[in-house]
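In: return a 3D structure for these sequence lines:
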Amino acid sequence: MNQNVLITDATFGIGLCGACLFAECGSYVFLVGRRPDRLIEIQKELTETQIMKCKRW
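Out: Down below sits the predicted model:
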């Protein structure tokens, strides 16, 4: 897809689901959330599942 996607509140619920779906489609996903520890976990999970285009803010 090669799109940039900004996901707010990416640590839980629909934000997390959206982040996973966009990343699986090949989009470059930027994660934003209130819990830095959770964002780090999510970034690692997405990277380990062969989704290498994930950054956290």
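
In: quick one: low-confidence ranges for this structure?
Out: 1, 48-57 (pLDDT under 70).

In: which residue is nearest the centroid of it?
Out: Nearest to the geometric centre of the chain sits residue 19, at 4.3 Å (CA atoms, centre = their mean).

In: and that residue, what are its phi and psi?
Out: phi -60, psi -40 (degrees, to the nearest 10).

In: residues contacting it?
Out: Each residue near residue 19 by CB atoms under 8 Å, 6 or more residues apart in numbering is listed here: 5, 7, 10, 29, 31, 42, 46, 54. C-betas here are computed from N, CA, C, even on glycine.

In: quick one: the host helix or strand of residue 6 to chain centroid distance?
Out: Using DSSP states H and E, residue 6 sits in strand 4-7. Mean-position distance between strand 4-7 and its chain equals 8 Å (CA atoms, centre = their mean, to the nearest Å).

In: and if you look at stretch 30-45?
Out: Per CA atoms, centre = their mean, the centroid offset for stretch 30-45 relative to its chain is 7 Å.

In: what comes up buried for it?
Out: Neighbour-count burial for stretch 30-45 flags 30, 31, 33, 38, 39, 42, 43 (criterion: 16 or more other CB atoms under 10 Å).

In: just those: which are in strands?
Out: 30, 31 (DSSP state E).

In: of the buried residues of stretch 30-45, which is the nearest to residue 15?
Out: Of all these, residue 33 has the smallest distance to residue 15: 7.3 Å, by CB to CB.

In: quick check: nearest residue in space to the closest one, chain neighbours excluded?
Out: Nearest residue to residue 33, sequence neighbours excluded (CB to CB, 6 or more residues apart in numbering): residue 11, at 3.9 Å.
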